[in-house]
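Student: When you get a sec, could you give me coordinates for this:
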Amino acid sequence: MSQVTNETIFIDRETIISETDHTSLRLWLRMLASTTLIENCVRKRLRIDFDITLPRFDLMAQLARHPEGLRMGEISQRMMVSGGNITGITDQLEKEGLVERVTLPDDRRVWKVRLTVKGNETFQEMAAEHENWIADWMSGLTGEEQHTLYILLGKVKRSVQERHTGE
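Tutor: Residues are numbered from 1 along each chain as shown. The predicted structure follows:
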């Protein structure tokens, strides 16, 4: 008879590989599993602590970097999602008073979206907590290890970009 424990078994993409698989494949799946795990933790904490979704947080983060506002198409490009998704997220945030749509004086058919004062204050609070979560989750690595990993992942990124350019 098997016993049920309170332990949660976490299965991710990395569990499909073995020591005999190519090192590059194992590395790719480890990076993917780590990224997915962190993203899921961020989603959960945003929902629990701030009652907000990750896409809404991401949109606010884009706007926080551009206080003058961004056009919907620019937001869509930066977040790599469809304009329809951006419109829906913006509508929700606008209803809550976190963002506003502003028409451009030179072209009244076009408008930008920007954080309101309330939106900026709300985002700054969430961003500070977000940074604390990430720092806590990365605290298993020393500062030097974090720096080394950052440099190595930069090399991976450049390598992929160089080889992907021609496709």
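Student: ok, now which ones touch the residue nearest the centre of the chain?
Tutor: Closest to where the C-alpha atoms of the chain average out (CA atoms, centre = their mean) is residue 58, at 6.1 Å. The contact partners of residue 58, taken as CB atoms under 8 Å, 6 or more residues apart in numbering, are residue 79. No exception for glycine: its C-beta is placed from N, CA and C like everyone else's.
Student: Could you break this structure into its assigned domains?
Tutor: 1-50, 52-128 (automatic domain parsing).
Student: which one of those domains lies closest to residue 155?
Tutor: Ranking the domains of the chain by their distance to residue 155 (criterion: CB to CB) puts domain 1-50 first, at 12.1 Å.
Student: circling back to that earlier point, hey, which of the domains of the chain is tucked in deepest?
Tutor: Per-stretch averages of neighbours, counted by mean count of other CB atoms under 10 Å, single out domain 52-128 among these, with a mean of 15.
Student: you'd agree residue 19 is in a strand?
Tutor: No - looking at residue 19 with DSSP: H, G, I helix; E, B strand; the rest coil, it is coil, so not inside a strand.
Student: I'd like to know how far it sits from residue 34.
Tutor: Per CB to CB, to the nearest Å, residue 19 is found 18 Å from residue 34.
Student: same deal with residue 111?
Tutor: According to CB to CB, residue 111 and residue 34 sit 39 Å apart.
Student: Does residue 112 fall in a helix, a strand, or a coil region?
Tutor: With three-state DSSP as the basis, residue 112 sits in strand.
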